[in-house]
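[1] can't give you the sequence, but here's the structure:
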């Protein structure tokens, strides 16, 4: 069967891309390997009757995506974040700093709704939208504009050391800044990662933990509806084995079960390495491009532990961090550099069932812990059950310190190492970011330098997932921009 | 030596190499200039001293490559004694008893690299070519006054436009390569090119010089590029040893300045800067002498300039705040040794000729990237590195005048020795540091301890105490993106001026930063001359 476009992956990016294409009258087929939609946002059943999403924060829904999928409540969100109070003089300083960072996040948010500018950008159609971002930057005012340029490449450690006296406000920000990186707070560029993940956060907060009342995969559900209503076909439980190419142009896909579909346009939300090195025959890529793709730093370093418990751990479900100091964060990061798991990992946990009771059976609850740093490749050989259990024990121990009695309430436990994340969600090296969000892998450098405009060297192949600009945490962002790029060619 | 009041056109505070360069250019333009140096000799951290009788130590800095060719030319430094002897090799002893060398001769280097990693040979050729392009791409920026991107003043817009034009002229491929170098860690950057770990460690080590970061820290690829931008006699990135030590470089610049009519006073600390309204009017020396001048130029670092020379209470709060946030973080130490004979490196035990040849170049104690990263980890938590990185030269091998006949001086530059070491740098800590350096090096040259006849150990606290460099940071402030270019030292005050009319900055705490470049001194002098009467 022939389609105008085939989309690989039914996560927020894939479904948004499908909706955008279908709304413009194109025939679209979405193929998803998992039995359900949602990508990283879909809850998984880790024990009979117990389900949990990976993250408290699904991401920010940019206005351009909200418009396409008709998601009215993009700005109307229920926040489930515990208000933070910084002690003493640090309160005032925190308020000022966070307000400033929010302004910077706003500029990034505007930039993230456009294709990334590059040094050789000349066409008016590309430059004009950038003017909007430029004006927005100028509206920051002279001092803030310079400060924006100054703090972006800074380490979060420097920023918090300059701002605060006490450790608590420092570690709150530092923990948010190192999210999903294989870097410690002293690494340059961690402030950028903080600002990136602050887009759409409520005023006064450095993290989003914005939940829709329907469920953790509410955005994906809305996008799916918009896509279906516009006429897209969505097939679940069917994985793509290969992207077919002839004469350096895409001709369609071949599924794991042998079925074939033809199209001259394929948008893949699988990560860049899987898409370009896994689904394509390497003969179609020139060695330099392949080298660049191989050099993409994925750096998946986050593990998850899901618990079924029989007592309520967090009545509001707020995410909580157990790490008490920035030095502890930095020490945790050290281990990953050498291919080791942190002796004392950074642990955050939240209780999604407090928000969505249907995730657990009556009277039971779900807690999800995320740990950094847990490298994908261990120096000492491959992952085994004992090592995975050790991760689980570390998480349990950490949560037990914050919530006495936690351990005795555990009914089920499932550990997801980066290896498990890779298998369950299809992301290479368990990197949900599809490319570590460091300064050298953003904007015109994402996924590789010079190839940031979604179409890949093979004609008709578009990268539409978090591995493309604007990256992870921007729900539907890459999908929409990739769809727009594809529409120009269709 | 005159007492009482003297009048000058310009007073330079600090006889470091940038101050001397500024003085030379101003004197060349006909200004009556005096340089005031606190110590008995000029040079700052580029000094040669006979600490152990008969043995000359290039006490702090020890090699040169970044001294701007235009300065060498315009001040005719060779006629004043500048003579840089190239270091023909860098040898890295490996843990398995082998060594890895980079030789001056390209064919030999290729053969040597092929011995370890044939695949890296072609990569090295490409890498070398790219670095030359990157050096050329950055070169015009080194001599630019940084434009303020938030300003609408014509000169700033012009500067920004020129910068944009320059970057566009590189083409996207080179621009992306440059962007990578500005944002990545040196280890990650080198991982994209090479396989051989010792090669990556040795090259990557130039990304941690004077920097409180490890090879896996983003930002070190920039420091790597910074150190690559050298030009000795036209050959990009070649490092050399000045005959007589780096003190001789300072003396050559001082000699040129004097030839143009500048006066240089040593043992002349400045105790106060005089102002009249919002304009500088002169200085008072420690001995009470007053010197008057409408121009005063500080070669000291931003902390000394804006908290000691100028009264912070009279300065705008954003400048004071910016200086407070400006990061020094000295992380380097130095061990200078007087040796009765040559050290014998185990890796050359079977080849005396090769050993002698290698001794005329540099030694790098950087066997693996992990070695360097562990050294950094130690320092992060308040210790000096238990197994430090070292960059070693034996100057007496190419400049026999540095030591008595048959004997030698060895200059060991060390990372990491954090300024804020736990417990502080007292004598015991200094000794422990020196012993760690010697013990570590002894693993590679076992006869070392038995041949030491004299020793000088310099900690960051010593660097600060002796030269004034705050926290012992050798670049007058970290070379980190958030404090470079239009952000160096502080936003809005990155063009060598200060809020006090007539008071200027010319040290490495301004663009383009540190190393023995002289660029800051020269740009500052040019700006002063351009400003004319409104300077």
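    On my side now, so go ahead. Remember, it's a predicted structure, so these values are computed and weren't measured experimentally. Numbers count the residues shown, from 1 in each chain, chains lettered A, B, ... in the order given.

[2] Can you pull the phi/psi pair for the residue in the stretch 1-150 of chain B that chain A sits nearest to?
    Minimum separation of the stretch 1-150 of chain B from chain A (C-beta to the nearest C-beta) falls at residue B:150, amounting to 4.3 Å. C-beta here means a position set from N, CA and C on the backbone, and glycine is covered the same way. Backbone dihedrals for residue B:150, given as degrees, to the nearest 10, come out at phi -100, psi 0.

[3] what's near enough to touch it?
    When the contact criterion is C-beta atoms under 8 Å, 6 or more residues apart in numbering or on different chains, the partners of residue B:150 are A:142-143, A:145-146, B:491.

[4] pLDDT score assigned to it?
    In this model, residue B:150 is scored at 87, pLDDT.

[5] Please apply the same query to the one 4 residues further on.
    Residue-level confidence at residue B:154 comes out at 93, pLDDT.

[6] swap in the one 10 residues further on?
    We have a pLDDT of 89 for residue B:164.

[7] for the one 4 residues further on, same thing?
    What the model reports as pLDDT for residue B:168 is 90.

[8] With residue B:221 instead?
    Confidence per residue is given as pLDDT, and for residue B:221 that number is 96.

[9] List the buried residues of the one helix or strand it maps to.
    Residue B:221 is part of helix B:220-228, with elements assigned from DSSP states H and E. By 16 or more other C-beta atoms under 10 Å in any protein chain shown, the buried positions in helix B:220-228 come out as B:220-228.

[10] Tell me which residues are up against that helix.
    Under the criterion C-beta under 8 Å, 6+ apart, residues B:65-66, B:131, B:134-135, B:138, B:180-189, B:203-204, B:206-211, B:213-214, B:236-237, B:479, B:481, B:484, B:513, B:515 lie in contact with helix B:220-228.

[11] From the chain's centroid, how far away is that helix?
    The offset between the C-alpha centroid of helix B:220-228 and the centroid of the whole chain comes to 12 Å, using C-alpha atoms, centre = their mean, to the nearest Å.

[12] Which strand or helix spans residue 35?
    Since you didn't name a chain, this refers to chain A. Secondary-structure assignment from DSSP H and E places residue A:35 in no helical or strand segment.

[13] you looked at the wrong chain, it should be chain B
    Secondary-structure element containing residue B:35, defined by DSSP H and E: strand B:33-36.

[14] what lines up beside that strand in the sheet?
    Neighbouring strands of strand B:33-36 in its sheet, by DSSP bridges, are strand B:10-13 (parallel), strand B:263-265 (parallel).

[15] With respect to burial, which of those strands scores highest?
    With neighbours defined as mean count of other C-beta atoms under 10 Å in any protein chain shown, the strands paired with strand B:33-36 peak in mean count at strand B:10-13, which reaches a mean of 28.

[16] Report the closest residue of the stretch 201-350 of chain A relative to chain B.
    When distances are taken as C-beta to the nearest C-beta, the stretch 201-350 of chain A approaches chain B most closely through residue A:295, which lies 4.8 Å from it.

[17] Near chain A, which residues of chain B? Just list them.
    Where chain B comes near chain A, counting by C-beta under 8 Å from any C-beta of the partner chain, the residues are B:148-151, B:167-168, B:170-173, B:175-177, B:179-180, B:183-184, B:188, B:191-192, B:216-219, B:318, B:324-325, B:327, B:370, B:373, B:377, B:380-381, B:480-482, B:486-487, B:491-492.

[18] 7 Å - rerun?
    Neighbours of chain A within chain B, by C-beta under 7 Å from any C-beta of the partner chain: B:149-150, B:167-168, B:172-173, B:175-176, B:179-180, B:183-184, B:188, B:192, B:216-219, B:325, B:327, B:370, B:373, B:377, B:380, B:480-482, B:487, B:491.

[19] For burial, what's the neighbour tally of residue 254?
    Going with chain A. Number of residues near residue A:254 (other C-beta atoms under 10 Å in any protein chain shown) recorded here: 15.

[20] think we crossed wires, I meant chain B
    Based on other C-beta under 10 Å, the number of other residues close to residue B:254 is 27.

[21] hang on, isn't it packed against residue B:41?
    No. With contact taken as C-beta atoms under 7 Å, residue B:254 and residue B:41 are classed as non-touching, separated by 9.5 Å.

[22] Quick one: low-confidence residue ranges for the stretch 101-250 of chain A.
    Confidence mapping of the stretch 101-250 of chain A against pLDDT under 70 gives the ranges A:210-213.

[23] now the helices for it?
    Taking DSSP state H, counting those that start in this stretch as the test, the helices found in the stretch 101-250 of chain A are A:124-138, A:142-151, A:156-163, A:167-177, A:190-198, A:218-229.

[24] The nearest residue to residue B:114 once chain neighbours are set aside and residue B:93, how far apart?
    Closest residue in space to residue B:114, ignoring its immediate chain neighbours: residue B:121 at 5.2 Å, by C-beta to C-beta, 6 or more residues apart in numbering or on different chains. Separation of residue B:121 from residue B:93 (C-beta to C-beta, to the nearest Å): 21 Å.

[25] For those two, indicate the residue with more neighbours.
    When neighbours are counted by other C-beta under 10 Å, residue B:93 comes out ahead of the other of residue B:121 and residue B:93, with 25 against 16.

[26] Would you mind listing the buried residues in stretch A:346-362?
    With burial defined by 16+ other C-beta under 10 Å, the residues of stretch A:346-362 counted as buried are A:346-356, A:359-361.

[27] Equivalent analysis for stretch B:164-178, please.
    Along stretch B:164-178, the positions that meet the burial threshold by neighbour count (16+ other C-beta under 10 Å) are B:167, B:170, B:172, B:174-178.

[28] Please apply the same query to stretch A:45-52.
    Along stretch A:45-52, the positions that meet the burial threshold by neighbour count (16+ other C-beta under 10 Å) are A:46-47, A:50-52.

[29] one step back: distance to residue B:313 for the buried residues of stretch B:164-178 - can I get that in JSON lines?
    Listed next are the buried residues of stretch B:164-178 as JSON lines, based on distance: C-beta to C-beta, whole Å:
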{"residue": "B:167", "distance to residue B:313": "41"}
{"residue": "B:170", "distance to residue B:313": "46"}
{"residue": "B:172", "distance to residue B:313": "49"}
{"residue": "B:174", "distance to residue B:313": "47"}
{"residue": "B:175", "distance to residue B:313": "45"}
{"residue": "B:176", "distance to residue B:313": "47"}
{"residue": "B:177", "distance to residue B:313": "47"}
{"residue": "B:178", "distance to residue B:313": "42"}
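
[30] can you tell me which two in those are farthest apart?
    Across the buried residues of stretch B:164-178, the longest distance by C-beta to C-beta is 11.8 Å; it joins B:167 and B:177.

[31] and residue 290, backbone torsions?
    Picking chain A for this. phi -60, psi -40.

[32] could you do chain B instead?
    Dihedral angles (degrees, to the nearest 10) for residue B:290: phi -110, psi 130.
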